[in-house]
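# need a structure here:
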Amino acid sequence: MVHTLFLVAHVVVAVALIALVLLQQGKGADAGAAFGSGASATMFGSQGSASFLSRTTAVLAMAFFLTSLTLAYLATQSTAPKSVVERVQVEQPVELPKNTGPADVPQLPQK
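Okay, the predicted model is just below:
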């Protein structure tokens, strides 16, 4: 149950991080803004988007790393047998019936 919750959170954070990185402008876009290419008409202002988006990216990246580490820890906390030898030791022995031959074959007397 906990594993599933962290896995869902991990996927949501990953998708949000990808979307946020794709929304950001590259470093080369700042040179065009200096010559009036319309960067000042953005929603966050000419410089406000860089700090807001970079802080949000940092928070999402930290959340992604934390969920990754938590999922790795949860994956190692398995209670299932790890090797073939441990699986054989866990299984219960099966008792076979005494008369395993066909019904019409007479059994030899035992001494």
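
# mind listing the helices for this protein?
Counting by DSSP state H, the chain has helices at residues 2-23, 29-34, 48-76, 84-90.

# Lowest average pLDDT across the ones you listed?
Of all the helices of the chain, mean pLDDT reaches its minimum on helix 29-34 (a mean of 58).

# I'd like the helices of the chain laid out as TSV, including mean neighbour count and distance to residue 110.
From N, CA and C alone the C-beta is placed, and that goes for glycine too. Below are those laid out as TSV (neighbours: other C-beta atoms under 10 Å; distance: least, C-beta to C-beta, whole Å):
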stretch	mean neighbour count	distance to residue 110
helix 2-23	13	55
helix 29-34	11	93
helix 48-76	13	53
helix 84-90	9	31
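
# can you list those in a markdown table and add distance to residue 109?
As requested, the helices of the chain are exported to a markdown table (distance: least, C-beta to C-beta, whole Å):
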| stretch | distance to residue 109 |
| --- | --- |
| helix 2-23 | 60 |
| helix 29-34 | 97 |
| helix 48-76 | 58 |
| helix 84-90 | 36 |
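
# Report pLDDT for residue 93.
Value for residue 93, per-residue pLDDT: 65.

# again, but for the one 3 residues further on
At residue 96 the predicted local confidence, pLDDT, stands at 65.

# Report how many residues lie close to residue 26.
Residues contacting residue 26 under the criterion other C-beta atoms under 10 Å number 6.

# confidence score at it?
73.

# Next, the residue nearest to residue 53 when sequence neighbours are not counted: phi, psi?
Distances taken as C-beta to C-beta, 6 or more residues apart in numbering place residue 24 nearest to residue 53, at 5.1 Å, with adjacent residues excluded. Here is the backbone geometry of residue 24 (degrees, to the nearest 10): phi -80, psi 150.

# thinking again about what came up before, can you tell which of the helices of the chain is closest to residue 108?
Closest to residue 108 of the helices of the chain is helix 84-90 (C-beta to C-beta; 33.0 Å).
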